[in-house]
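# Okay, here's the prediction I keep looking at, along with the sequence it came from:
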Amino acid sequence: MPELPEAETIVRGLASRLPGRTITGVHVKHADVLPGLTPAAFGRALRGRRFEAVERRAKKVVLRLDDGRRLVVNLGMTGGLVLSRSPRAAEATHVAVRLDLDDGEQLLYDDARRFGRLELLDPEGWERKHAALGAEPLADDFTGKVLFELTQRSRTPIRNWLLDQRRVAGVGNIYAAEALFRAGIDPARPAKTVTRRQATKLRDALRDVLAESIAARGTTISDFRDEQGEAGAFARWLRVYGREDEPCVKCGRPIVRAVLANRSSFFCRHCQR
DNA sequence: AACGCGCCCTGTCCGC
DNA sequence: TGCGGACAGGGCGCGT
C-alpha cells in the first residue's frame, strides 16, 4: 500500500495533531507487528511518553518522543495510522496496536495483513536505520547526476533498482511504474544502460509524480487511508499502474503487464524503450 | 556480493 | 453459492 506519498500524507496529518500529547495507555492486539519486543516491554516504554514531532523517512512514519527515542512505523502493504475521533475511524477494522492519548482520543495502528512493523529506536538505533536507507527523491541534493551515478554500477532492471530502498528511498511499485512511463524508459532495462540524459528525465519524473500524489493525498487502490481514515485521490491520475490492456495515454496502444522479480510491472512497449 | 526468490498474512476477485 | 487460484502498494532472509 503505502509508498512515500502515502506515508507523507499520514505524517502531514499527524504533525498538526500529535505533538504535545501524551500516551496514557498501550494495547497490543497483534504482537507480530512488534519485532523483538514483548507487548509488556513496548507498553512500559511508551506509557507516559509525550510526542514531540512527526517526521517521514523513505516510506516510514517516524514519531519522535520526549525521551529521545522514536517510534518508527513501517506501514507494509496495508498499514495505516488513524485517529479514533475521525469520522471514518470505525473503518479501521484490523487494529493491531492502540495508543491511548491524554485527551481520550486514540492513535490506532491498523493493518489487515500485518506486514507492517512498529519499532522503538534510541538515537543510535535510528541513526543506523537512517544510514542504511538511500537518497530521498524529494531532497534538493537528489539531482540527475546523482541518480545517474548511482545507477551505473548495477545490471538489475531499472524497475527493480528503483524498489531497492538502499539506493533511492520511498519509491515502490506504483511510483516506479509511473516515473518510468513519464521518462519513457523500459522497466526491464538494466540500470546501467540508463543514459545521463535519461537519468535526469527519470529524476524529474520521480519528483513530479511523488509531489503530485502528495498534493492529491496519496493513491488509494483499495486499502490506503490517511490519519482521518480518508482515501487518497491520486489513483485516477495513474497512467500505467494497474492499467493492463487499457490504451496508453500517449499512443493508444495497450498497456502491458510483465512480471519482474515476482512483481507486476506495467508499461507501454511503444513509449518506453 | 549483487541478485532473484519465497515467504510473511488477509482480503478480494475471477473462473469454473 | 462454493471453492481454488491468482493477486495485492513491502521487505526480510536465504541461496547462488
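Received it, and whenever you're ready, just let me know what you need.
# residues in contact with the residue nearest to residue A:247 when sequence neighbours are not counted?
Across the structure, with Cβ to Cβ, 6 or more residues apart in numbering as the measure, the residue nearest residue A:247 apart from its sequence neighbours is residue A:254 (6.5 Å). To be clear about C-beta, it is placed using only N, CA and C from the backbone, and glycine gets the same treatment. Remark: with contacts taken as Cβ atoms under 8 Å, 6 or more residues apart in numbering, residue A:254 is in contact with A:244-248.
# and the stretch 151-273 of chain A, which of its residues are near DNA strand B?
A:153-157, A:160, A:191, A:222, A:261-262 (Cβ under 7 Å from any atom of the strand).
# what do you get if the cut-off is 6 Å, keeping everything else the same?
With Cβ under 6 Å from any atom of the strand as the criterion, the stretch 151-273 of chain A comes near DNA strand B at residues A:154-157, A:160, A:261-262.
# among the residues you listed, which are in helices?
Taking DSSP state H as the definition of helices, these contribute residue A:160.
# Would you mind measuring from the closest residue to DNA strand C within the stretch 151-273 of chain A to DNA strand B?
Nearest residue of the stretch 151-273 of chain A to DNA strand C (Cβ to the nearest atom of the strand) works out as residue A:172 at 1.9 Å. As for residue A:172, its distance to DNA strand B is 14 Å (criterion: Cβ to the nearest atom of the strand, to the nearest Å).
# Over to residue A:219?
The span separating residue A:219 from DNA strand B equals 17 Å under the rule Cβ to the nearest atom of the strand.
# My guess is that residue contacts residue A:242. True?
No. At 9.6 Å, residue A:219 does not count as touching residue A:242 under the criterion of Cβ atoms under 8 Å.
# between those two, which one's more packed in?
Neighbours around residue A:219 and residue A:242, counted as other Cβ atoms under 10 Å, are more numerous at residue A:219. The numbers are 27 against 16.
# hey, where'd the helices end up in the stretch 1-150 of chain A?
Across the stretch 1-150 of chain A, reading from the start of the chain, the helices by DSSP state H, counting those that start in this stretch fall at A:4-15, A:39-46, A:123-132, A:144-151.
# Buried among the contacts of residue A:254? Make that a PyMOL selection.
Here is the PyMOL command that picks out the buried ones among the contacts of residue A:254, judged by 16 or more other Cβ atoms under 10 Å:
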select buried, chain A and resi 248
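# Give me the subset of the contacts of residue A:254 that lies in strands.
Using DSSP state E, no member of the contacts of residue A:254 falls within strands.
# Does DNA strand C have contacts with stretch A:70-86?
Yes. Using Cβ under 6 Å from any atom of the strand, stretch A:70-86 reaches DNA strand C at A:74, A:76-77.
# for stretch A:16-33, that is, sorry about that
No. Contact between stretch A:16-33 and DNA strand C is absent, the nearest approach being 11.2 Å (criterion: Cβ under 6 Å from any atom of the strand).
# what's the first-to-last distance across that stretch?
In terms of Cα to Cα, to the nearest Å, the two terminal residues of stretch A:16-33 are separated by 26 Å.
# one step back: and the residue nearest to residue A:247, what's its pLDDT?
What the model reports as pLDDT for residue A:254 is 96.
# burial measure for residue A:251, as a count.
Other residues near residue A:251 number 11, with proximity taken as other Cβ under 10 Å.
# How about residue A:198?
Residue A:198 has 21 neighbouring residues, counting by other Cβ under 10 Å.
# ok and the strand or helix carrying it relative to helix A:4-15, angle-wise?
Residue A:198 is located in helix A:196-215, with elements delineated by DSSP states H and E. Angle between the axes of helix A:196-215 and helix A:4-15 is 40 degrees (criterion: axes from the mean of the first three to the mean of the last three Cα atoms, to 10 degrees).
# quick revisit: show the buried residues in the residues of the stretch 151-273 of chain A next to DNA strand B.
Using 16+ other Cβ under 10 Å, the buried members of these are A:154, A:156-157, A:160.
# need these in CSV with pLDDT, can you?
CSV is the format used below for these (pLDDT from 0 to 100):
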residue, pLDDT
A:154, 96
A:156, 96
A:157, 97
A:160, 97
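# Closest one to residue A:102 out of the residues you listed, please.
Lowest distance from residue A:102 to these (Cβ to Cβ) belongs to residue A:160, with 45.2 Å.
# show me the contacts for that closest one.
Here residue A:160 is in contact with A:260-261 (criterion: Cβ under 8 Å, 6+ apart).
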